[in-house]
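In: When you get a sec, could you give me coordinates for this:
(one chain, ligands or ions: 1)
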Amino acid sequence: MVRRLGVILGGGLLCLSLFAGFAFAVTINHARDAPARTPAGAVYKVCNGCHSTEVMMGTPKDYNDWHDTVQRMIDRGAIGTPEEFDLVMQFLYENLTTVDVNHSDADSLRVVLNAPDSAVSAIIARRKNHPFKNLGDLETIRGLDGPALAAKKRMIFFN
Ligand code: HEC
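Out: Residues are numbered from 1 along each chain as shown. The predicted model follows:
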């Protein structure tokens, strides 16, 4: 009787773990197939298949160059929905796009420097007569986040 109970219990546990494993695998597959909803999620899904995302972290580019690069990746076989590619471009714009503080347009200043409109206007008003020389110079503009700019300094140019 005790042995029978053990067999039944053991069998039950085996079924349970098989089922749990199956459910887990289904969840993972589902997550992989589900459309990405965040910029980072889209990069992970669309750009992480052939090479690691490290490849792009090491190569900041201006926005047009990113556009060309992503087009080349599509030619190489990168797959995603139009919405996912929009999210990938958003990620690249916000995190890995270069900006020239003295020449870039208002949109690039706003997105790359994560700057409020008032700060963008102040930069554009000042640079005509007094071009910015370095990060310290830029940080005198109100509304900019100094530590965040320092963390992004390899993306910020003063030509
Ligand atoms: C189907 C495979 C594949 C996928 C998916 C893929 N890549 Fe690539 N990627 C390559 C290959 C092959 C190279 C090396 C040849 C070259 O540079 O074109 C490369 C190189 C790169 C480089 C280094 C060269 C350069 O131009 O700076 C970057 C950056 C890059 N990929 C970004 C991306 C991004 C962003 C995505 C997502 C949109 C992506 N890749 C998805 C195949 C892929």
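In: How about stretch 55-73 and the ligand, any contact?
Out: Yes. Using CB under 6 Å from any ligand atom, stretch 55-73 reaches the ligand at 55, 56, 59, 69, 70, 72, 73. For the C-beta atoms, the positions are set from N, CA and C on the backbone; glycine is no exception.
In: which of the residues you listed count as buried?
Out: Listed as buried from the residues of stretch 55-73 next to the ligand are 56, 70, 73; burial here means 16 or more other CB atoms under 10 Å.
In: Check which element follows the lowest-mean-pLDDT helix or strand in the chain along the chain.
Out: In the chain, the helix or strand scored least confidently by mean pLDDT, DSSP states H and E is helix 2-33, which has a mean of 50. Once the chain leaves helix 2-33, the next helix or strand it forms, by DSSP states H and E, is helix 39-47.
In: Next, the buried residues of that following helix.
Out: Neighbour-count burial for helix 39-47, counted by 16+ other CB under 10 Å, picks out 39, 41, 42, 43, 45, 46, 47.
In: Go back to those and keep what's next to the ligand.
Out: Filtering the buried residues of helix 39-47 for neighbours of the ligand using CB under 6 Å from any ligand atom leaves 46, 47.
In: Adding pLDDT, write the buried residues of helix 39-47 out as TSV.
Out: Formatted as TSV, these follow (pLDDT from 0 to 100):
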residue	pLDDT
39	97
41	96
42	97
43	97
45	96
46	97
47	96
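In: Throw the buried residues of helix 39-47 into JSON lines and include distance to residue 130, thanks.
Out: Shown next, in JSON lines, are the buried residues of helix 39-47 (distance: CB to CB, whole Å):
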{"residue": "39", "distance to residue 130": "35"}
{"residue": "41", "distance to residue 130": "41"}
{"residue": "42", "distance to residue 130": "39"}
{"residue": "43", "distance to residue 130": "37"}
{"residue": "45", "distance to residue 130": "44"}
{"residue": "46", "distance to residue 130": "42"}
{"residue": "47", "distance to residue 130": "40"}
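In: what residue ranges in the protein are flagged as low confidence?
Out: Where the chain drops to pLDDT under 70, the residues are 1-33.
In: and if we set it to 90?
Out: Scanning the chain for pLDDT under 90 picks out 1-34, 57-59.
In: Which residues of it lie near the ligand?
Out: Proximity of the chain to the ligand, by CB under 6 Å from any ligand atom, involves residues 46-47, 49-51, 55-56, 59, 69-70, 72-73, 76-78, 88.
In: before we move on, back to that, which of the buried ones among the residues of stretch 55-73 next to the ligand fall in helices?
Out: Using DSSP state H, the subset of these located in helices is 56, 70, 73.
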